[in-house]
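Novice: heads up, no residue letters with this:
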DNA sequence: TATTGTTATACTCTATAACTATA
DNA sequence: TATAGTTATAGAGTATAACAATA
C-alpha cells in the first residue's frame, strides 16, 4: 500500500472548489439560518415549518390546508398532522368552507403565539448580515425569489 | 360549527408574509437549486453531496475523511459510507497517511468523473439567474458566504 | 373527473452513541 | 486525552399511494 506524506501543516487551508458555486453557498447559508431559527423557536415548541404555517393562516384567515401546502411547498399529506397539532393546541379552529374543505382561523392563543413568532423571527433575521443596508437586503431577497418563484 | 364564506375567487393571491424574509427566500431558493442539481447528477449516479466530496478530493489529493467532513459540514460518521461507495466504484484509493488516518486520492476514473461533474454543475449553475452580471454573481456569493462561514 | 383531507408508509438526510486503533 | 474511521441506530423531513367524501 502506498504511503502518502502528511498533508501540509495544521494551518494549511483546504482548497474548496465549491466556494465559487452559487448553489453550494446558498445551501450552506440556508442550512445555517434554518438551524438558528429552529433553535430560536424551540421555546415556543414550534418548528420553522409549523411557525410558517401559523403566520400564513394569521395573514389569510379562512385559508385551507391545500392552499397552505401549495403556497409553502408542503405536501397535502404532510399538512394534515401539522394542522391537527395546531388544533390540539387550541391555536386554530376549522370552519367548513365547502363540503370537502375547511377554512382555518387563528384563535386568540394562535394570534398571540403568531405575534411571538414574528418577534423571534425579527430578532433572528437581524442576527444575519446586520450591516447589510436595507436596500441591498431587499435586492437580495428579490434575487433569491427569482431563483424559485414561478416566472 | 361556524360557517366561513369561501375565500375570494381563484385568482385571489394569497398574502405570504414570508416573502419578505431573507431566511425563507434562502430556503426556497436553496431547495429549488438542490433539486435541479440532484436531477442533473442522476446520470452519473451521484448525489450532490457525493459529487461535492469527489470534487474536494480532486482539488486536495491526500485529504482525509475527517477533513472533508469538517470542510463540507458532513458528520464523520456519514462520511464513512460515502468514501466506501466511491472506493467500491474504483473512483478513489486510500493511502495510509498515519496509523489512524488515510489520505484519499482520485483514481483515473475518479478524475474523469469529476470532470463530468464539473461540466454538469457549470450547466446547472447557468440555468439560474442567467442574466445576472458576473460581478453581481460574485458579490452575491460573497454575501451568502458571510452568512455561514466562520467570521 | 378533479379536489380535499386523511392515513399509512417509505425514503433520504442528518445526528448521536459507542467502539477500536492510533497520536 | 484527543483524533480517525467505523457501525448501528434514531430522528427529522419529505414523498408516494390509496381511500372516502365532495365538487
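Specialist: Nice, I can see it. What you see is a predicted model; the values in this text were computed from it and never measured.
Novice: all strands of chain A, in order?
Specialist: In chain A, strands defined by DSSP state E lie at A:92-96, A:102-106, listed in chain order.
Novice: tell me the most buried of those strands?
Specialist: Sort the strands of chain A by mean neighbour count, taking mean count of other C-beta atoms under 10 Å in any protein chain shown, and strand A:102-106 sits at the top with a mean of 22. (Glycine included, C-beta is placed from N, CA and C.)
Novice: for it, packing partners?
Specialist: If you count contacts as 3 or more C-beta pairs under 8 Å, 6 or more residues apart in numbering or on different chains; DSSP states H and E, strand A:102-106 packs onto helix A:48-59, helix A:65-72, strand A:92-96.
Novice: touching DNA strand D at all, that strand?
Specialist: No - using C-beta under 7 Å from any atom of the strand, strand A:102-106 never reaches DNA strand D; the gap is at least 11.0 Å.
Novice: pLDDT of that strand, averaged?
Specialist: Across strand A:102-106, the average pLDDT comes to 98.
Novice: that one versus strand A:92-96: what angle between them?
Specialist: Here strand A:102-106 runs at an angle of 150 degrees relative to strand A:92-96 (axes from the mean of the first three to the mean of the last three C-alpha atoms, to 10 degrees).
Novice: show the pLDDT at the residue nearest the centre of chain A.
Specialist: By C-alpha atoms, centre = their mean, chain A has its centre lying nearest to residue A:48, at 4.9 Å. Residue A:48 is assigned a pLDDT of 98 by the prediction.
Novice: and it, how far from residue B:78?
Specialist: Separation of residue A:48 from residue B:78 (C-beta to C-beta, to the nearest Å) stands at 22 Å.
Novice: over to residue A:120?
Specialist: For residue A:120, the distance to residue B:78 - C-beta to C-beta - is 30 Å.
Novice: higher neighbour count, the two?
Specialist: residue A:120 (18 against 11; other C-beta atoms under 10 Å in any protein chain shown).
Novice: residue A:120 against residue A:38, yeah?
Specialist: No - counting by C-beta atoms under 8 Å, residue A:38 is not a contact partner of residue A:120; they are 11.0 Å apart.
Novice: give me phi/psi at residue A:130?
Specialist: Main-chain dihedrals, residue A:130, degrees, to the nearest 10: phi -60, psi -20.
Novice: which ones are touching the closest residue to the residue nearest to the centre of chain A other than its chain neighbours?
Specialist: Nearest in space to residue A:48, with sequence neighbours left out and distances taken as C-beta to C-beta, 6 or more residues apart in numbering or on different chains, is residue A:37 at 5.0 Å. Counting by C-beta atoms under 8 Å, 6 or more residues apart in numbering or on different chains, residue A:37 makes contact with A:48, A:121, A:124, B:23.
Novice: please report how far the last one lies from residue A:70.
Specialist: Separation of residue B:23 from residue A:70 (C-beta to C-beta) stands at 21 Å.
Novice: again, but for residue A:132
Specialist: Where residue A:70 is concerned, residue A:132 sits at a distance of 31 Å (C-beta to C-beta).
Novice: any idea how far residue A:58 is from residue A:109?
Specialist: Counting by C-beta to C-beta, the gap from residue A:109 to residue A:58 is 12 Å.
Novice: brain fart, residue A:133
Specialist: Distance from residue A:133 to residue A:58, by C-beta to C-beta: 29 Å.
Novice: between the two, which has more neighbouring residues?
Specialist: Taking neighbours as other C-beta under 10 Å, residue A:133 and residue A:58 compare with residue A:58 leading, 22 against 9.
Novice: skipping adjacent residues, who's closest to the more buried one in space?
Specialist: residue A:114 (4.3 Å).
Novice: how many residues are close by the one residue in chain A that gets nearest to DNA strand D?
Specialist: Among the residues of chain A, residue A:99 lies closest to DNA strand D, at 2.0 Å counting by C-beta to the nearest atom of the strand. Neighbour count for residue A:99, taken as other C-beta under 10 Å: 6.
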